[in-house]
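J.: just coords:
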């Protein structure tokens, strides 16, 4: 078992969805149930593989790459098929593999218009390959390829299955991300050549391990800063950080429910993951130069995103804007460049994925039943569909960072870390960030509770007074229950994630903390 | 039992889940589970309390070890600089002190003095034995250490964050108070909310509240306090908004939650500061010991205590963040009794009491004559009491009275009268619960809390409620000798007079305290008049009223009984004849003696009984209650002055508008942020930032078109057609194109690569 996983685990997790997709393509369009089954089996088997790895993972050395595989890929430029999993990527891989089957289950009888399960599920499976691939890739070029693979299916998910304004939203999403990627490829090639010049005796490398070990030593300060800037743009757009966030509300609002869930749960994390996996370990010195800027943009995002939420009348758009604020906490944690902060950031990523995913599920179901997300027309959800109403209340509480639920452990430790950032960063500056971030929690409570009040409390408006609103379906229960369980479990026992990430994070920051 | 206290919060937590899961299917809608669980908790809490009492009486740990320790402590204090240096050295090395046996040998006595930790078992489980103390004046006392048992919650970045229980006199007391009031409220509720539309949910949240509150008071680390603190806030939110169909109720719930969030900012910041001040630990014993030892810079302690005061301000309804508490009365009355009077709102008091060395050192309580905490409490107790005068809703009168009494507790902590504050917390919990439940009993049939419109003459129809309410009121007023409120309030006033630097006391505090006492008596007399005397009005006149059933009346009687006897647990010497063994029993049992408390600080003292304070406070009752009696019963005084006199009118309006704070918060601040500010930010988002994005898109498209038309078509042939189309893609495709996306994508990569080639040449050259 261990041997099999060692050589094949991450590869299987990455490419099983592609196999499923090929099977799916062979199925005639009319066989809808079969298509669903194939998609479910595929995503479930990915989940099983990941869970198996979770059991085989060696938690005492989370800092080392496990299940690693290193094969030649494009020899001419020394790009290799290097994959592996360590404590930093494991939680995110689990998150991805965890979310997908439930998205498929939720889709069972919620296919967005135009109802075409085959195409829809095909896109989901390609997406999964891209996402898992990003998290296992240990080679920059490989990472880049997967990073781009993610784009297309999501583009089609929004552009084909989205809402009324889907074309604008999907192109904006696409072009914005590609804009960022262009800078990333520049940075990638820059490190490639500079490595060749400085340490590689003329041979460049895309290997993350080698590049991190080098850590940009001997580079002119400005060169490092510029290269980091390239990564910063690519990942900052993906996160999204203020002021590169404007694609997000549009994409989220227009995307079908499943698209929004995946976007929130996993896609945004590609950006934050890029920072901690690539940008910071590769260029620790430049990271220090950028940290205050990132921190500043993060706290602006926290307040600004919250204000954006407060101005919304559309429930889904509000949730979308809340992502800007929440990812602000994640970025603040990262900006501290301390193990405490980055652990918090990873926790925050997982928590945000689960919680915001859950909120999007509910928003989707509300839209399904009321055919509107305009909060002035909604109300009394607790009366019309009590279970859904309570779950909305639960998710809102989780999202505003209530202790005992997962959201808190991403938020509070990030603030904690900001009090005492890495050596060389200005304490007064980061402490100011901390206070602003803490004030942001008031805003978070404000917009989320106002939303809860307008959607769930009170009595239904006249429009829906007599309309029959179906409470949750069986598929809703099956799809949502695991999210809820995880939100509670992680909230009660955060060690589940911190134990995995801590070792890897400490190691990845070795160049900064000096250990 | 002392090391197994973790079971206590667990029981109601399980009850919460059970009630939600199966409550509706049970004959009594889940209330039976709630009552059973909280009854078990109450018994367990008593067991813990008895365990603690015998621990204090027995003087564990054993005699020999004890004496050697107190010797070492003295040694440690004489060589103070050495101790501090050592403390820092030790604290630098992780939480190593936890779970290690610090040998009581002469070689490492400094370590023993600063962090005397006795390991009893495994990594996950140890009792922290904090050491013995000689009290002021060389009087030898055996210190009783808190029983701490904790485990790792999580590790992050080299910090070991722990969760556990800390049992000492203070937490034992809180366990008993919370479970007792909760039990009575549960019983009361079975009748009071019978037939409610969400009966099961109601009991589920009562259970969750009990669990959270118990979790909070047992905290062994400050992060655990934060968790408990916010969880009780959640329950408060859910129960205030219990009838969320009506907008005012959900508004009140939101207001409570958001106001508390404002305070939570202070809580988070304060705890974070203390975390790093204690070299990366949330451990309460460690933080307080370091604060005691002077191992934390004074300025840090000051900032931390000011931050934490914000949290107290919101949670414990202190001026100026008290405005949510009166609105919280929108919830069911038993909830008001349990959460918004007896237990949750004292969380702030408890937090200050628990971390007292931080405040004591940070605010220089022992040596000063005025400090922020004392001022906050003093102002609150008077301003809150004044507002109670203009309320016509009896629950609001009680709510403002709660604010005022919480002000007394904060003031007591501010002047250094620690025990007085906790004693008052204890007696107040009992008599205020009695009063609140009494108001519920009154309103049970008429469904109205309006004293002026719907009550009057109710002493005849509800004699038992009347009697118990009267006793509760007497305790609140502090009727001398026989009521609990007298003994606790008196100790606070004595403390305000005697403690503080230079023996001058806290003059501001005592003046405010006496004025507050006068007001208290007056507004309660007014309430008694409106409710019980005169002729029945409104609904109480229209309906056939009768006394409530035993499930409502019995809890009232128990609480009324408590409102009398609770005072006798802490009879000071020199007041009334009392067996010496039982004098100041409460103080001996509850006030910590370990190194995690300020008991060793020479500036920390205890007030003694002052006959003149008792006399003056009795005078306050006579003045306050007498004036109200003359005004209402006898019709004396300038009635209608608020109509005739401009100044009286203005004063009345200020009170009626609650000093304008609600307008400031709701309309200006919340409304401003929600309205213009949020809209402005969103406008900028849509028009400036997004406008820029769209502009870039459009420009790219235009450029593309231009290039295509003049360069590409004019000069170059179709070889690069793909990329030309791409460049034009940006804006144009936004509207039109459906096909060719893959090509577009591919060519963007191409453009990217082209760009990169250029830059690489620049960088690498």
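T.: Thanks, I have it. Source: prediction; values computed, not measured. Residues are numbered from 1 along each chain as shown, chains lettered A, B, ... in the order given.
J.: where's residue A:150 relative to chain B, distance?
T.: 12 Å (CB to the nearest CB, to the nearest Å). From N, CA and C alone the C-beta is placed, and that goes for glycine too.
J.: hmm, I was thinking of residue A:443
T.: 8 Å.
J.: Near that residue, how many other residues are there?
T.: Residue A:443 has 24 neighbours, counted by other CB atoms under 10 Å in any protein chain shown.
J.: what sits against it?
T.: Applying CB atoms under 8 Å, 6 or more residues apart in numbering or on different chains to residue A:443 gives the contacts A:302-303, A:306-307, A:309-310, A:325, B:673.
J.: Which members of those residues occur in helices, if any?
T.: Among the contacts of residue A:443, the ones falling in helices (DSSP state H) are A:302-303, A:306-307, A:309-310, A:325.
J.: my guess is residue B:156 meets residue A:343, correct?
T.: Yes. At 4.4 Å, residue B:156 counts as touching residue A:343 under the criterion of CB atoms under 8 Å.
J.: of all the ones in helices among the contacts of residue A:443, which two lie farthest apart?
T.: A:302 and A:310 (13.1 Å; CB to CB).
J.: Which of the two has more residues huddled nearby?
T.: Using other CB under 10 Å as the criterion, residue A:302 and residue A:310 rank with residue A:302 on top: 29 against 23.
J.: any idea how far the more buried one lies from chain B?
T.: Remark: distance between residue A:302 and chain B (CB to the nearest CB) = 12 Å.
J.: looking at it, that residue is touching residue A:436, isn't it?
T.: Yes. Residue A:302 sits in contact with residue A:436 when judged by CB under 8 Å, with a separation of 7.0 Å.
J.: so, in contact with chain B or not, stretch A:467-483?
T.: No. Judged by CB under 8 Å from any CB of the partner chain, stretch A:467-483 stays clear of chain B, getting no closer than 13.3 Å.
J.: are any of the ones in helices among the contacts of residue A:443 buried, and which?
T.: Neighbour-count burial (16 or more other CB atoms under 10 Å in any protein chain shown) is assigned, among those, to A:302-303, A:306-307, A:309-310, A:325.
J.: Surely residue A:21 touches residue A:125?
T.: Yes. In this structure, residue A:21 is within contact of residue A:125 by CB under 8 Å, at 4.2 Å.
J.: Over to the residue lying closest to residue A:86 once chain neighbours are set aside: give its phi and psi.
T.: Of all residues not flanking residue A:86 in the chain, residue A:504 sits nearest, at 4.6 Å (CB to CB, 6 or more residues apart in numbering or on different chains). Per-residue torsions, residue A:504: phi -60, psi -40 (degrees, to the nearest 10).
J.: Identify the residues contacting stretch B:450-462?
T.: So stretch B:450-462 is contacted by B:392-394, B:397, B:441-442, B:446, B:448, B:465-466, B:527, B:530-541, B:545-548 (CB under 8 Å, 6+ apart).
J.: just checking, which of the residues you listed belong to helices?
T.: Among the contacts of stretch B:450-462, the members found in helices (DSSP H) are B:394, B:397, B:441-442, B:446, B:465-466, B:527, B:530-532, B:538-541.
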